[in-house]
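Peer 1: Just need the structure, nothing else, for what follows:
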Amino acid sequence: MKRKLLIFAAVFFALCAQAKNKTIVVKGARPAIGETEIIVEKSGPTDTLTVVPARDASVITVNLKTLSGNVIQQYTLAATCEDIVDIISPELPEGYFLEVRDDNGVIYTDFEN
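Peer 2: Numbers count the residues shown, from 1 in each chain. All right, here's what the predicted structure looks like:
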């Protein structure tokens, strides 16, 4: 039993060490004039995406997808509120897509390998 626990812990920590962290920040209290805006800040192990929703947007959806289009993780956030989501994505052999959508469609896509 101890051996199985040690193997599981080693694999889990290896995946966490290889994971790329992303923070999604929704600034719904101050909507953008026109279309939804994305501000990307890449620094160190964590990338921050600041989403400023358009005035007519009601929902922000964040999807992690495989290359074949299967959804790995999905987050739905209200566009009218301030919200923060931390995403820790596991290392996949083929990589994954990060997709951010609002009511009008896809507003940001990024491929991570």
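
Peer 1: what bits of this protein have low per-residue confidence?
Peer 2: Applying pLDDT under 70 to the chain flags the ranges 1-20.

Peer 1: can you map out the helices along it?
Peer 2: Taking DSSP state H as the criterion, the chain contains helices spanning 2-18.

Peer 1: buried residues in stretch 75-82?
Peer 2: Leu77, Ala79, Thr80 (16 or more other C-beta atoms under 10 Å). Quick note: C-beta positions are derived from backbone N, CA and C, even for glycine.

Peer 1: how about the strands in this structure?
Peer 2: 20-27, 37-43, 46-52, 59-65, 71-78, 82-89, 96-102, 105-112 (DSSP state E).

Peer 1: okay, the angle between the second one and strand 46-52?
Peer 2: Angle between the axes of strand 37-43 and strand 46-52 is 160 degrees (criterion: axes from the mean of the first three to the mean of the last three C-alpha atoms, to 10 degrees).

Peer 1: Other residues contacting strand 37-43?
Peer 2: Here strand 37-43 makes contact (C-beta atoms under 8 Å, 6 or more residues apart in numbering) with Asp47, Thr48, Leu49, Thr50, Val51, Val52, Val100, Ile107, Tyr108.

Peer 1: Just give me the closest of these to Val25.
Peer 2: Closest approach to Val25 among those (C-beta to C-beta): Thr50, at 4.7 Å.
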